[in-house]
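Peer 1: From the sequence below, what's the structure:
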Amino acid sequence: ASASAFNVPTSGVRDAQVSSCHPSAQMLASRLRWRSAVTLKASSSSVVEDATSSRKISLYNSLSRTKEPFKPLDESKVTMYTCGPTVYDFAHVGNFRAFLTYDVLKRALLYLGYDVDHICNLTDVDDKIIARCDREDVGLIELTRKFEGLFLDDLDALNIIRAREYPRATDHIPEMVQLIRDLEERGLAYQSEEGSWYFNVGAKEGYGQRLVQLDVDNMQSGASGAGSKRGTDADEYDADKVGVRDFALWKAFKPDFDRDDATWDTEIGQGRPGWHLECSAMAKRYLGETIDIHCGGIDLKFPHHENEIAQSEGANDKPFCNYWLHNGFVVIGDEKMSKSKGNFLTLRGACPKADDVRAYRYLVVSSQYRNPLSFTEAAMGAAKGALKRVDRVREQIDKVLTEAGDIAGSDGGDIVATVETELANFEAALVDDLSMPRAAASLFGVVKAAETEFKRVKKAEKDGGVASPPMDVAGLGAVKKAMDEMDQVFGIFYTVPKPKKEDGTVDETADSDEDDAPIPDDIMTLVNERTAAKESKEWDRADALRAELTELGFSVKDMKNSDPIVSRL
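Peer 2: The predicted model follows:
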């Protein structure tokens, strides 16, 4: 993979000059050198695959609902678009499951030799953002830039390789207006009497049948009759819609709800874009009319991704995306983690220490991305234990290699053969729809080989003798290289940067004893006031108190039949 695939903006998130590489680029660039040094030896009794076939990865495509060979439009380059966050609050660990899934996919493609051109959008205008701006009396840009920066800091904490660009919706109004005009020319968009623009679902053949099997016949047709409700989303409420299935492309300015800093005067009227429109416009702007891969959470299949397909293919008369990948939810108990359910945990709240952050990364990247993932103390504990085990082995190997000096030319023994097999098994797991539990088994296969060698030598020395044969230094060196090789996808061997505060300064108290200190009394007073407000159904006050607690650096997790859990962000 070309190191240039890791270039990231050094300032801002849009149209920045690229002048630095992600640290992982240098490690991945060494892959081919390592691969040339360690030749995979296939045998009739092993599952080792020919290394030349490893580029042919198979992925589960939500479009075909089956696992199929991946064939990009360009043989060596992959275009990849992923749905980013709505930047009105901290992203939670459920959100980061998606971003870590994108990271594993991108790392696997880079590992296999592709260049990856990755774009991830930022939704910086919508109803939730406007409501929070009003509630906290702050400007749209002030609010969204703050949470945008905190989101990018959290990506860095998780060792996620950044996308080429993180385009903002508000910076691409002209592209969205043009897309609406293109749809209008094809009879797929219309303007309501009050000025909003809608996609004409009834005129788009195959709508609701691409990623899902929508029962169109049993859906009502006609106006919803709910357009006058103040502050509601025009995607769902507008008396002027032709059909109830029609969704908003452009929301006309509503004086009693909208803000001057969240509306635009355009040739199609004053207003702001609908949520679905921005992804179609920005994917086309940065990656072209047809892209290779689009990723998102399973909850985005409908309506968001189905609407993207309808918009893009309706406007461009070309296939929008050839491969759709969707990750499963993070669940707490039996419920999906979400802000609407009040059971979400921010990364900073759930993972206050560096070891916690690395453990969460490992927990996610070693899972099967399409399955639900339970976020529990036991799961996090197991992930921490796994990392401690591999860290300990790496430290032991480093010590041995330092003492041994130059081992170039050493043949190695049985350990090298184990490493060759496990590396091939690792790659076989990658190309089989990112079977990361199997990949993790291969990682621990080489770890176990090193542990067994250390135990053999230690036992001989404990018995008063000398190990025969002596320590397999070359074999241990092969283990270390294999761990580094696999880490190009796992991304778990790194130093977690200290988090930044909301003002952009580094939090020097991170990982300190303060994390274990009692929650201050004044904070608990606010928590109790919020609980009382919820019990009396004063929802606005409860939301305001949660926002105040967040500003003070604390998160609140509501629990069933027990007091809320309060933690530092």
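Peer 1: Give me the next element, helix or strand, following the helix or strand Gly477 falls within.
Peer 2: Applying DSSP states H and E as the criterion places Gly477 in helix 473-490. Per DSSP H and E, the first helix or strand lying C-terminal to helix 473-490 is helix 521-535.
Peer 1: Enumerate every residue touching the residue positioned nearest the centre of the chain.
Peer 2: The residue lying closest to the centre of the chain (CA atoms, centre = their mean) is Phe99, at 0.5 Å. Residues near Phe99 by CB atoms under 8 Å, 6 or more residues apart in numbering: Thr82, Ala91, Leu155, Leu158, Ile160. The way it works is simple: take the backbone N, C-alpha and C, and place the C-beta from them, glycine included.
Peer 1: Nearest to Gln396 among these?
Peer 2: Leu158 (26.7 Å; CB to CB).
Peer 1: check contacts around that closest one.
Peer 2: Taking CB under 8 Å, 6+ apart, we find Leu158 in contact with Phe96, Phe99, Leu100, Asp103, Leu347, Val357, Tyr360, Arg361.
Peer 1: How about Glu267?
Peer 2: For Glu267, the contact set (CB under 8 Å, 6+ apart) comprises Val177, Arg181.
Peer 1: picking up where we left off before, return the member of the contacts of Leu158 nearest to Val201.
Peer 2: Val201 has its nearest neighbour among these in Phe99, at 30.5 Å by CB to CB.
Peer 1: roughly how far apart are that closest one and Thr86?
Peer 2: Remark: distance between Phe99 and Thr86 (CB to CB, to the nearest Å) = 14 Å.
Peer 1: And Lys462, by the same measure?
Peer 2: Lys462 is 59 Å from Thr86, where distance means CB to CB.
Peer 1: just Thr505 next, same as before
Peer 2: Using CB to CB, Thr505 is found at 25 Å from Thr86.
Peer 1: which of these two has more neighbours?
Peer 2: Set Thr505 next to Thr86 and count neighbours by other CB atoms under 10 Å: Thr86 wins out with 22 against 8.
Peer 1: Check which residues of stretch 485-496 are buried.
Peer 2: Judged by neighbour count (16 or more other CB atoms under 10 Å), stretch 485-496 contains these buried residues: Glu485, Met486, Asp487, Gln488, Val489, Phe490, Gly491, Ile492, Phe493, Tyr494, Val496.
Peer 1: remind me which residues of the stretch 1-150 of the chain are low pLDDT?
Peer 2: 1-55 (pLDDT under 70).
Peer 1: Check the stretch 251-400 of the chain too.
Peer 2: Scanning the stretch 251-400 of the chain for pLDDT under 70 picks out 340-342.
Peer 1: quick one: the helices in it?
Peer 2: In the stretch 251-400 of the chain, the helices defined using DSSP state H, counting those that start in this stretch lie at 275-287, 306-316, 347-350, 354-365, 377-404.
Peer 1: would you turn those helices into a markdown table with distance to Ala450 and mean neighbour count?
Peer 2: As requested, the helices of the stretch 251-400 of the chain are exported to a markdown table (distance: least, CB to CB, whole Å; neighbours: other CB atoms under 10 Å):
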| stretch | distance to Ala450 | mean neighbour count |
| --- | --- | --- |
| helix 275-287 | 43 | 23 |
| helix 306-316 | 47 | 24 |
| helix 347-350 | 32 | 23 |
| helix 354-365 | 18 | 23 |
| helix 377-404 | 5 | 15 |
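Peer 1: can you put the contacts of Phe99 in CSV and add distance to Trp275 and secondary structure?
Peer 2: CSV is the format used below for the contacts of Phe99 (distance: CB to CB, whole Å; DSSP: H, G, I helix; E, B strand; the rest coil):
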residue, distance to Trp275, secondary structure
Thr82, 15, strand
Ala91, 17, coil
Leu155, 22, helix
Leu158, 25, coil
Ile160, 23, coil
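Peer 1: And these, which is closest to Val400?
Peer 2: Distances from Val400 to those, taken by CB to CB, are shortest for Leu158, at 30.8 Å.
Peer 1: separation between that closest one and Asp463?
Peer 2: Leu158 sits 45 Å away from Asp463, taking CB to CB as the criterion.
Peer 1: Against Glu193, how distant is the nearest residue to Ser196 once chain neighbours are set aside?
Peer 2: Among residues not flanking Ser196 along the chain, Ala252 sits closest, at 4.4 Å (CB to CB, 6 or more residues apart in numbering). Going from Ala252 to Glu193 by CB to CB gives 10 Å.
Peer 1: So the two - more neighbours on which side?
Peer 2: In this comparison of Ala252 against Glu193, neighbours counted by other CB under 10 Å, the higher total goes to Ala252 at 22 against 10.
Peer 1: mind listing what that one touches?
Peer 2: Listed by CB under 8 Å, 6+ apart, the contact set of Ala252 reads Ser192, Glu194, Gly195, Ser196, Ala234, Gly269, Gln270, Gly271.
Peer 1: which residues touch the first one?
Peer 2: Applying CB under 8 Å, 6+ apart, one finds that Ser192 lies in contact with Tyr198, Asp238, Asp240, Lys241, Ala252.
Peer 1: out of those residues, which are inside helices?
Peer 2: Nothing among the contacts of Ser192 maps onto helices, per DSSP state H.
Peer 1: now those as a markdown table including distance to Gly113?
Peer 2: Below are the contacts of Ser192 laid out as a markdown table (distance: CB to CB, whole Å):
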| residue | distance to Gly113 |
| --- | --- |
| Tyr198 | 44 |
| Asp238 | 49 |
| Asp240 | 52 |
| Lys241 | 48 |
| Ala252 | 49 |
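Peer 1: Pick out the most distant pair among those.
Peer 2: The span of the contacts of Ser192, defined through CB to CB, is set by Lys241 and Ala252 at 12.4 Å.
Peer 1: Lys204 versus Phe247, what's the distance?
Peer 2: Counting by CB to CB - Phe247 and Lys204 are separated by 11 Å.
Peer 1: quick one: average pLDDT of the helix holding Gly477?
Peer 2: What helix 473-490 shows for mean pLDDT is 97.
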